[in-house]
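Undergrad: would you be able to build a 3D model of this:
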Amino acid sequence: MNWVRGIVVVLVLWSSTVWGATLTWNSNSEPDLAGNRVYQCGGLPCTRNSVASLLVTLGKVTSLNIGTPAEIQYYFVTAYDSANHESGASKVVVFIRVGSPPPPPTQGGLRTNSLS
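TA: Have a look, this model is predicted:
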C-alpha cells in the first residue's frame, strides 16, 4: 500500500428510524488492500491516540450499519494491507440523535448527521 498517499476515505452517515444509521465510504484502491477498520469515540478529540476504540475490522466492504446509537458518537475509518500496515485515519463523522444536545465545537473536517 502506498502509505505516502494513505487512505482516501469519504464517510457519509445516513439514517432512518427503521434501519438505524449506516457509515459509507470510498475505500483505498491499492492492490494489496486487505480491508478497513472502523473506530468509534464518545467524544473529541477522536483519534487512535486519544479515546478511540476499534469498533470492527472489516474486509473490503465500504459500509457498516451502526444501528441507532443512544448518544452522540464519532467515527473514522482506516485501511490496512495484507502485511497489516494501517493507513492514516479518514475525517471524523458524528452521529447525533434528534433531541440530543449539540456536540462540542468541532475539529476540522467533522461532518454531522441527525437521526429523525
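Undergrad: could you use CA atoms for every contact and neighbour count after this?
TA: OK.
Undergrad: from residue 25, how far out is the residue nearest to residue 80 when sequence neighbours are not counted?
TA: Excluding its sequence neighbours, the residue lying closest to residue 80 (Cα to Cα, 6 or more residues apart in numbering) is residue 86, at 4.3 Å. Noted for residue 86: a distance of 16 Å to residue 25, by Cα to Cα, to the nearest Å.
Undergrad: same deal with residue 69?
TA: Residue 69 is 19 Å from residue 25, by Cα to Cα.
Undergrad: neighbour count: these two, which is higher?
TA: residue 25 (19 against 13; other Cα atoms under 10 Å).
Undergrad: surely the more buried one and residue 75 touch.
TA: No. Residue 25 is not in contact with residue 75 according to Cα atoms under 8 Å; the separation is 11.6 Å.
Undergrad: mind exporting stretch 23-30 as PDB, just the C-alpha atoms?
TA: Written as PDB, here are the backbone C-alpha positions of stretch 23-30 (Å, rounded to 0.1, in the frame of the first residue of the first chain):
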ATOM      1  CA  LEU A  23     -21.500   4.600   7.600                       C
ATOM      2  CA  THR A  24     -20.500   4.600   3.900                       C
ATOM      3  CA  TRP A  25     -17.100   5.400   2.500                       C
ATOM      4  CA  ASN A  26     -14.900   5.200  -0.700                       C
ATOM      5  CA  SER A  27     -12.100   2.900   0.200                       C
ATOM      6  CA  ASN A  28      -8.400   2.800  -0.800                       C
ATOM      7  CA  SER A  29      -7.900   1.100  -4.200                       C
ATOM      8  CA  GLU A  30      -4.300  -0.200  -3.600                       C
END
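Undergrad: for the record, mean pLDDT for that stretch?
TA: In this model, stretch 23-30 has a mean pLDDT of 85.
Undergrad: now residue 90, what's its secondary structure?
TA: What DSSP: H, G, I helix; E, B strand; the rest coil gives for residue 90 is coil.
Undergrad: what score does it have for pLDDT?
TA: In this model, residue 90 carries a pLDDT of 92.
Undergrad: any idea how far it lies from residue 70?
TA: 23 Å.
Undergrad: show me which of those two is the more surrounded one.
TA: Using other Cα under 10 Å, the more surrounded residue of residue 90 and residue 70 is residue 90, with 22 against 10.
Undergrad: that's all I had, so thanks and see you.
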